[in-house]
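1. Predicted model and sequence below, questions to follow.
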Amino acid sequence: MLSVYLQLRAENVMERFITRVEEVRHLLNAVVATCYDEALATAKQLDKDLDANPKDEKFSKENMPLLGVPMSVKEAFGLKGFLNNL
């Protein structure tokens with residue numbers, strides 16, 4: 001059985017997420033506000049932290065199963081620095 005190992009970096013995943021959002025947001029009108037700069041900065045910092053401490057237990061799959069996974073938040077939820085429709 002062939003095993004393939006692919007190392008993903010949070011910054012690369014976030015860049016691709018942003019690219020895809022921008023490709024389709026005018027079609028879907030699903031993303032009203034963005035915080036791309038903050039998201040990229042957070043992803044870069046995460047990569048640095050993981051590079052410095054790759055075996056740190058706080059980064060384990062059990063403690064942070066979605067670590068590095070981009071997400072969007074519906075404007076119905078309050079998020080600091082963003083308007084919402086409440």
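-> On my side now, so go ahead. Numbering: from 1, shown residues only.
2. tell me the centre residue of the chain?
-> Nearest to the geometric centre of the chain sits P70, at 2.5 Å (CA atoms, centre = their mean).
3. Now that residue. Nearest residue, chain neighbours left out?
-> F17 (3.8 Å; CB to CB, 6 or more residues apart in numbering). Glycine gets a C-beta too; all of them are placed from N, C-alpha and C.
4. Helices along the chain, start to end?
-> For the chain, applying DSSP state H gives helices covering 10-28, 36-52.
5. And those helices: which comes nearest K80?
-> Closest approach to K80 among those (CB to CB): helix 36-52, 10.7 Å.
6. between that closest one and helix 10-28, how big is the angle?
-> Angle of helix 36-52 versus helix 10-28, following axes from the mean of the first three to the mean of the last three CA atoms, to 10 degrees, is 150 degrees.
7. Let me see the mean pLDDT of helix 36-52.
-> Averaging pLDDT along helix 36-52 yields 91.
8. Out of the helices of the chain, flag the one nearest G81.
-> helix 36-52 (8.7 Å).
9. I'd like to know how far the residue nearest to P70 sits from L50.
-> 18 Å (CB to CB, to the nearest Å).
10. Then K58?
-> The value you get for K58 to L50, if CB to CB is used, is 10 Å.
11. Ok, F59 next?
-> For F59 relative to L50 (CB to CB), the value is 6 Å.
12. Equivalent analysis for K74, please.
-> 29 Å.
13. In terms of neighbours, single out the busier of these two.
-> Using other CB atoms under 10 Å, the more surrounded residue of K74 and L50 is L50, with 16 against 10.
14. so who does that one touch?
-> Contact analysis of L50 by CB atoms under 8 Å, 6 or more residues apart in numbering lists A10, F59.
15. Just give the nearest non-adjacent residue to N63, would you?
-> Closest to N63 by CB to CB, 6+ apart is E57, at 6.8 Å.
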